[in-house]
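Enquirer: Here's my sequence, what's the structure:
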Amino acid sequence: MKLLSTKAVAFIGVFAAFHATLYLISPPLLWRNWAIYLSPIEGMVLGPWAGFMAALIGSTVGRVVLPSPLWMFGIVAEPLSVMSAGFLTRGKWQPVIALYVGMLAAYFISPMGQSLPLWPMLDTIVAVCLVYPAAKISRNLFGEEVNPLLPVSLVIVSFVTVAADGLTRVFLFIPVGLYSSVLGLSPAVTAVTFVAGGIDSFIEDGLVVLVTLLVGVPILLALRNVLNLKKPLS
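Expert: Numbering: from 1, shown residues only. Predicted coordinates:
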């Protein structure tokens, strides 16, 4: 990784503060938090490495201030999802595919994963099919002129980003075995929790797409103009 610019370092702190704040003000609904709505923009503006660092700092600080027994899920999943958005915005699909394929393979190889229904993973399967197109159309995000396809590009990248967050949590929950080693859940309770989490994940996918269309596009355009961005900061 090349040395980060002074601007990138400054904005790592700014986005880390936003990330932590969104975690702290999130209502106790669904299974992620409001920081997921920031993650795509965080990755697009900061890039993979600075974005990863901002999300890691923000998610860690948030959980230090407001501890959670599930802290390890967010601290791992949120930085990886932001990094995915950063890679896609850079047009690099290979690292994101490797992340998806590795975790999906571990899930389907694990005995617990083989025993669970497939449908809660459908959004992840759709997302992995969109990784390559997302990387190819991401040039619309930082073109010299505002491209009419920018909202479409932003939505696709955002969907892949939020699905990467969910997949990482599933990876930790099932193949890594946190359902039993940390949470102490039986296989039967794990199956119920997984299905309920799948429903929540579909809802969150839709909310992220909606928020991206309503808020993400103007925020990205404003940041592009204010920071004079021609590409992500890292």
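
Enquirer: C-alpha only now, for contacts and for neighbours.
Expert: Fine.

Enquirer: The helix or strand bottoming out on mean pLDDT in the chain: which residues count as buried?
Expert: Among the helices and strands of the chain, helix 217-227 carries the lowest confidence by mean pLDDT, DSSP states H and E, at a mean of 81. If you call a residue buried by 16 or more other C-alpha atoms under 10 Å, then helix 217-227 has these buried ones: 217, 220, 224.

Enquirer: That one - contacts with which helices or strands?
Expert: helix 35-65, helix 150-173 (3 or more C-alpha pairs under 8 Å, 6 or more residues apart in numbering; DSSP states H and E).

Enquirer: Can you give me the pLDDT of Val82?
Expert: Looking at Val82, its pLDDT is 96.

Enquirer: show me the contacts for it.
Expert: 39-40, 42-43, 48, 51-52, 55, 161 (C-alpha atoms under 8 Å, 6 or more residues apart in numbering).

Enquirer: in which helix or strand would I find it?
Expert: Following DSSP states H and E, one finds Val82 within helix 71-89.

Enquirer: Whatever helix or strand comes next after that helix vs helix 71-89, what angle?
Expert: Next helix or strand after helix 71-89 toward the C-terminus (DSSP H and E): helix 94-109. Between helix 94-109 and helix 71-89, the angle comes out at 140 degrees (axes from the mean of the first three to the mean of the last three C-alpha atoms, to 10 degrees).

Enquirer: Can you tell me what sits against the next helix or strand after helix 94-109?
Expert: Using DSSP H and E, the helix or strand that follows helix 94-109 towards the C-terminus is helix 111-115. Residues outside helix 111-115 that contact it (C-alpha under 8 Å, 6+ apart) are 107-108, 174-175, 187.

Enquirer: could you point out which element follows helix 111-115?
Expert: Next element after helix 111-115 (DSSP H and E): helix 122-137.

Enquirer: Now for Leu66, how many residues are close by?
Expert: 12 (other C-alpha atoms under 10 Å).

Enquirer: so where's this structure shaky on pLDDT?
Expert: 1-4, 140, 143-147 (pLDDT under 70).

Enquirer: Show the contacting residues for the spatially most central residue of it.
Expert: Closest to where the C-alpha atoms of the chain average out (C-alpha atoms, centre = their mean) is Ser81, at 2.9 Å. Residues near Ser81 by C-alpha under 8 Å, 6+ apart: 39-40, 161-165.

Enquirer: Of those - the most surrounded one?
Expert: Thr161 (32 neighbours).

Enquirer: That one and Leu88 touch, don't they?
Expert: No - between Thr161 and Leu88 no contact is recorded; they are 9.2 Å apart, counting by C-alpha atoms under 8 Å.

Enquirer: related to what we said a few turns ago, which stretch among the helices and strands packed on helix 217-227 approaches Lys231 most closely?
Expert: helix 35-65 (7.7 Å; C-alpha to C-alpha).

Enquirer: Report the inter-axis angle for the closest one versus helix 71-89.
Expert: Going by the same axes, to 10 degrees, helix 35-65 makes 140 degrees with helix 71-89.

Enquirer: okay, the angle between helix 35-65 and helix 150-173?
Expert: Using the same axes, to 10 degrees, one finds that helix 35-65 and helix 150-173 are set 40 degrees apart in direction.

Enquirer: circling back: got CSV for the helices and strands packed on helix 217-227, with distance to Lys7 too?
Expert: CSV is the format used below for those (distance: least, C-alpha to C-alpha, whole Å):
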stretch, distance to Lys7
helix 35-65, 10
helix 150-173, 23
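
Enquirer: how about those helices, which one is nearest Met103?
Expert: Using C-alpha to C-alpha, the helices and strands packed on helix 217-227 put helix 150-173 closest to Met103, at 5.9 Å.
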